[in-house]
Each structure stands twice: as structure tokens, then as C-alpha cells.
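Colleague: quick one, structure for this:
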Amino acid sequence: MWKYFLKRVLSFLPTAMLVVLILFAIKQNLPGDPVEDYLSLFSEQSFESESYRSDYLNQVKKMGYDLPVFYLSVKPRSLDDSLLQIIPLGKRKEIRNEILNKGFAAPKIRWYGSKNQFHHWLSSLIRGDFGVSTLDGKNVSSKIFSSLKWTALLALISLVLSISMSIPIGLWLGSKENTWSKNLFEKLSFFIYTIPLFWFCLLGVIFFTSDYYGLKIFPSVGVDPRISSMDFFEGLRALGAKLILPSLCWTLHSLSYATTQLKTSVKHQATLDYVRTAYAKGLSRKEISVRHILKNALLPMITLFMAAIPNAIAGSLVIETIFNIPGMGRLLIQSIYAVDWNTVLAIVFVTSLITMLSFLIADILYAWSNPKIKFSGDE
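Modeller: Model (predicted):
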């Protein structure tokens, strides 16, 4: 088991490194000047000012932009390392493009070791330092942590609701009797599943949060502006009731897929020999369904339920925006609109880690729940 666990952890390292490389490549090709964006938070001076030029140069060194891009480079001999001393960064890019447009030049391979921009950025990621937000000057890590707790709470509520509803419904749908109520439920749930999530949430807001249709069951959307200054439990008391409708929207929208998968698994288990043996021993249908069929039918559902965690985080982008919940999805939208790339890249990185961690936990739970399963490489 521990051997399998170690293998699974090691297998995720190349994926994590690939994510980091892609994000770094995006970061290198983003428009604008990250040093100017940072300094604009504290000063309105122009580059002609001597003090601004000094601050700019110091910040370039602090951010690592005076270093080569990667450990290894293969580039024309005309592009030497003196280009790294040119500031501002925008002028550096212009000169680089002018040199490259002059035509082909013999390439030269250079090795820089750990003194490069990628290593500097990777070290910061490992320390949990995502830089400073160019929107408000706050630490990106603290902004993500502050918003992640609301997204995690919303995802947890939705996941608990999804599991508690899909298991009994899937077991009911997978039983032998084919009634009109089952057909009606399957058609209705599939219809809800085909509705785009944003439209389904908007319908919930329109019909269940206003007096216009006489169905004001839930509180209206919107968050107390003081929520950012409250601690988690104070915010939970202020916002708790407003998490019910978005959680129900996400759960009901995904219920059809979960129940269909469980129904298929239950029907498959019902055809196996051990079920006929249980009937021959005189066990009741309820005992067989709950103690035997459900236990084995839930095994393939482990991956589905764990995949619901990153799905909930992805869906939070829509749900949090519509319901005005101060979570990571709404923070991502706000950061994109504000061109706050440090926050955007950090959110993508955190979301990728959560996704990989969810599937790693699913694999471990799958191995732990059924020791009879043989994994590759196990004796």
C-alpha cells in the first residue's frame, strides 16, 4: 500500500512541473511591465525621474528580471547577456525583437545554473510567495487564502449534499422495478443537467430570492461590505444563509450525472453471482442492496465524488459571481478584469494543485477500500 502511495505521489510530480512550466511561459509573454505595475502602486513618478529609475532598478533585481530566463538557453550569438541590463523591460523586449528580425545567426548554448528567473519564481512558489497584487498592493497569498475558505466551504456543502442525495437515489433507480416515477425523475434531472449552470443559477435567483413571484424562500444575493474585515466565523454567521441556494443549485445541476453513474453501477452489481448466492441464502432484498450491492457499487464512485471537488471550484467562478460570494472564483474574475496577472496565475496554480491532490486522494481511497484490487507493480 505504501509502495503504491509513493508511486502515485511521484507520478504527479511531472504533471505539477508541466503546470509550472506552462504558467511560467504565460508569465513571460504577458503584456505590460510587471515592475512598472508594482511601482505604480506607490508612486506616480515617470521613468525620467532619477529616484524612480533607482527604485525601478532595485525592483528589477528583487523580482529577478536581471537574470537569464531559464537554466539553459539556445539563442543567437548576437543575443548576449548584456541585454539583461537594459531597462525598462519593454525597451529590452523591443531591442531583442529587433536583433531577432535581422536574420539567422549561429546559435549558442548557454548554461546558467540556478541563477535564472524560472528558479527564482519556482522558489517563491514553493515558499507560497505569489508576489503582490497590482490591483491593491496586498499579498496575493493572503488574498487567495481569504477567498479560498469561502470556495472550500461552498464546495464542501455541495459535495455533502451531492453524496447524501445521489446514493439513495442511485440505489432506488438501480432497483429492478421500472416505474413511472423513476422515468419522470430521470427525465427531470437530465433536463436540469442540460441547462447551463449560469442560467440555472439565475433562475434560482429570480424565482426564489424576490417577492415578485411570491416565492422568496432564500435571502437575496449580495454580501455585507464588512465581510472582508470579519474573521471566518463572524463571516459565516453573516453569510451562512446565503450559501444554501448556491449549494443547492450546484448540487441539483450535477445530480443527474452522479445518480446515472451510480444506477449503472448498481445494475451491474445486481447481475453478478454473489447477489444470486445471497438470495439463495435467504437474505432480503433490502439487506442485499444495502450491505452487498451498494458497498461494491460505490467503489467506482470514489473517483467521481473526488472529481466533484475541482469541479465545484471550477463552477464557483459562475456561482460566486452570480451570488456575489467572496470566493476564489469571483476573485479570479475581478483579477482578470483588473489585469492583475500575479493573482490570476496564482489562482490557476492553486486550482491545479487541488485538482491533482483530489485525484491522488481518490486513488488512495480506491486502493484502501478494496485490498483485493491489484495495482501494477504490486506483488
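Colleague: how about the helices in the stretch 51-200 of the chain?
Modeller: Ranges of helices in the stretch 51-200 of the chain, per DSSP state H, counting those that start in this stretch, are 89-101, 117-126, 140-174, 180-194, 197-208.
Colleague: name the nearest residue to Asn311, ignoring sequence neighbours.
Modeller: With sequence-adjacent residues excluded and distances taken as Cβ to Cβ, 6 or more residues apart in numbering, Asn311 is closest to Ser254, at 7.3 Å. In this view, the C-beta of every residue, glycine as well, is placed from N, C-alpha and C.
Colleague: could I get the phi/psi values of that neighbour?
Modeller: phi -100, psi 0 (degrees, to the nearest 10).
Colleague: thought it was touching Met165?
Modeller: No. Counting by Cβ atoms under 8 Å, Ser254 does not reach Met165; the two are 10.1 Å apart.
Colleague: between those two, who's got more neighbours?
Modeller: Remark: of Ser254 and Met165, Ser254 carries more neighbours, 24 against 15, as counted by other Cβ atoms under 10 Å.
Colleague: tell me the pLDDT of the more buried one.
Modeller: Model confidence at Ser254, given as pLDDT, is 85.
Colleague: over to Ala314?
Modeller: Ala314 carries a pLDDT value of 81.
Colleague: just give me the neighbour total for it.
Modeller: Ala314 has 13 neighbours, counted by other Cβ under 10 Å.
Colleague: distance of it from Ala307?
Modeller: 11 Å (Cβ to Cβ, to the nearest Å).
Colleague: next: Ala152.
Modeller: For Ala152, the distance to Ala307 - Cβ to Cβ - is 16 Å.
Colleague: neighbour count winner among those two?
Modeller: The neighbour comparison of Ala152 against Ala307 (other Cβ under 10 Å) goes to Ala152, with 17 against 14.
Colleague: how far away is the more buried one from Ile325?
Modeller: From Ala152 to Ile325 the distance is 12 Å (Cβ to Cβ).
Colleague: same check, this time on Leu125
Modeller: When Leu125 is compared with Ile325 (using Cβ to Cβ), they lie 27 Å apart.
Colleague: quick check: mean pLDDT across stretch 183-195?
Modeller: What stretch 183-195 shows for mean pLDDT is 88.
Colleague: ok, now stretch 343-363?
Modeller: So the average pLDDT for stretch 343-363 ends up being 89.
Colleague: quick check: buried residues in that stretch?
Modeller: 343-347, 349-352, 354-356, 358-360, 362-363 (16 or more other Cβ atoms under 10 Å).
Colleague: over to stretch 258-265?
Modeller: Those would be Ala258, Thr259, Thr260, Gln261, Leu262, Lys263, Ser265, for stretch 258-265 by 16+ other Cβ under 10 Å.
Colleague: distance of Ile87 relative to Leu57?
Modeller: 6 Å.
Colleague: what do you get for Leu171?
Modeller: Between Leu171 and Leu57 the computed distance is 67 Å (Cβ to Cβ).
Colleague: which one's more surrounded, those two?
Modeller: Shown here are Leu171 and Leu57; by other Cβ under 10 Å, Leu171 has more neighbours (20 against 15).
Colleague: and stretch 68-87, how far apart are its ends?
Modeller: End-to-end distance of stretch 68-87 (Cα to Cα, to the nearest Å): 14 Å.
Colleague: residue numbering should commence at 356 henceforth.
Modeller: Noted, 356 is the first residue going forward, which turns the last one into stretch 423-442.
Colleague: run the chain-centre distance for that stretch.
Modeller: Computed by Cα atoms, centre = their mean, to the nearest Å, the separation of stretch 423-442 from the middle of its chain amounts to 35 Å.
Colleague: hmm, who's touching it?
Modeller: Stretch 423-442 is touched from outside by 383, 408, 411-412, 415, 420-422, 447, 450-451, 454-455, 457, 459-474, with contacts defined as Cβ atoms under 8 Å, 6 or more residues apart in numbering.
Colleague: Leu378: neighbour count?
Modeller: Neighbours of Leu378 (other Cβ under 10 Å): 18.
Colleague: sec struct for it, please.
Modeller: helix (DSSP: H, G, I helix; E, B strand; the rest coil).
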